[in-house]
Each structure stands twice: as structure tokens, then as C-alpha cells.
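J.: When you get a sec, could you give me coordinates for this:
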Amino acid sequence: MTQHVLEESLASGLKQICIVIRQGKEVIREYFDLRTSAGKSNAAVAELEDLVADCELSFVCQEHRLGLVDALLQARNFVGTDSFVMMIPDQLLLGAEPAASQLLNRSRPGAAIWSSPLRLPKEADLLKTFETSTKERNVFGV
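T.: Below you'll find the model as predicted:
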């Protein structure tokens, strides 16, 4: 899923990318390390080469599992005073236009916090969609 975030970033025009990982997740850094291509097909290596070549990829380690705010704090030297987009790999937002691109195209100058733009169907349609998707995909909600 981290590759999806990288692809969305690039599709949205973002070239400087910082991935925050924690101890035990070094495999994410290794995945994007082109020097360690063991176990990857030639097509997968070529795809990664293209992705990594199109961006400036950095990694920062979050020493303790202290949540998203701490992850942002770990990336503060990377971000500096620039505007930034935070993407969470396990929250996939699919659409004709990448979610990050939608946010960037609708942003305004100045300090602001924007969240993902979502257009939900009417409540009845939303419940019907959820019921259908949970039956078909064995998805369970709490």
C-alpha cells in the first residue's frame, strides 16, 4: 500500500516524499531500495526504478509508536516551513483524480488543515452500498 501512496504523490505532482517508518517496519525501506531486488520480478524492479527515479525519496524513523502527531514531528526537519500533504497508506481513496491532487487543486494560500474530500451518497444509498460490499467481500464493521 505504501507504493500506492508513492504513485498517488507523483500523479499529484509531489516529488519530495518522506516516508515515516517505525522499528520493525524496515522492510518498507528495503522494498524501495533498488539495490535489494531479491525476490522481485524484473517487471516489479523496473516499475520501482521508474517510481524512485521520479522523486526524491526520504525515510525517517519513528522510534516509538506514539501515533500520527509523533510521526509528523519526526518528519519536521524534512517538512520545515513548507506546506505538505500527509497520506496514510492504509486509507485508500480511489477516484478519477488522485485525492491529493484534489486537495492541492482546491487549497488556498495560508496555513490550513485540509482533510480528504469525500462525496458520500444519500444515507439510504450509503447503507445499501455498505451492505452489498460487506456481503460480497466479507468485510465486517464494528
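J.: can you give me the strands for this protein?
T.: In the chain, the strands defined using DSSP state E lie at 16-22, 56-62.
J.: elements contacting the first one?
T.: It refers to strand 16-22. With contacts taken as 3 or more C-beta pairs under 8 Å, 6 or more residues apart in numbering; DSSP states H and E, strand 16-22 sits against helix 2-11, helix 26-32, strand 56-62, helix 67-74, helix 76-79. In this view, the C-beta of every residue, glycine as well, is placed from N, C-alpha and C.
J.: Show me where this protein dips below the pLDDT cut-off.
T.: 37-39, 110-142 (pLDDT under 70).
J.: Kindly recompute the last result at 50.
T.: Within the chain, the segments meeting pLDDT under 50 span 117, 126, 129-142.
J.: hmm, back to that, select, out of the helices and strands packed on strand 16-22, the one closest to residue 91.
T.: helix 2-11 (9.4 Å; C-beta to C-beta).
J.: distance between that closest one and the chain's centre?
T.: 6 Å (C-alpha atoms, centre = their mean, to the nearest Å).
J.: Show residues contacting it.
T.: With contact meaning C-beta atoms under 8 Å, 6 or more residues apart in numbering, helix 2-11 is reached by 17, 19, 28, 31-32, 48, 51, 54-55, 57, 85, 87-89, 92, 98-101.
J.: Give me the buried entries from the residues you listed.
T.: Using 16 or more other C-beta atoms under 10 Å as the burial test, the contacts of helix 2-11 include 17, 19, 28, 32, 48, 51, 57, 85, 87, 98-101 as buried.
J.: thought residue 70 was touching residue 61?
T.: No. Between residue 70 and residue 61 there is no contact under C-beta atoms under 8 Å: 11.5 Å.
J.: the more surrounded of those two?
T.: residue 70 (15 against 12; other C-beta atoms under 10 Å).
J.: on that earlier part again, so which of the strands of the chain is the most packed in?
T.: strand 16-22 (a mean of 17; mean count of other C-beta atoms under 10 Å).
J.: Report the angle between that strand and helix 67-74.
T.: On the basis of axes from the mean of the first three to the mean of the last three C-alpha atoms, to 10 degrees, strand 16-22 is oriented at 120 degrees to helix 67-74.
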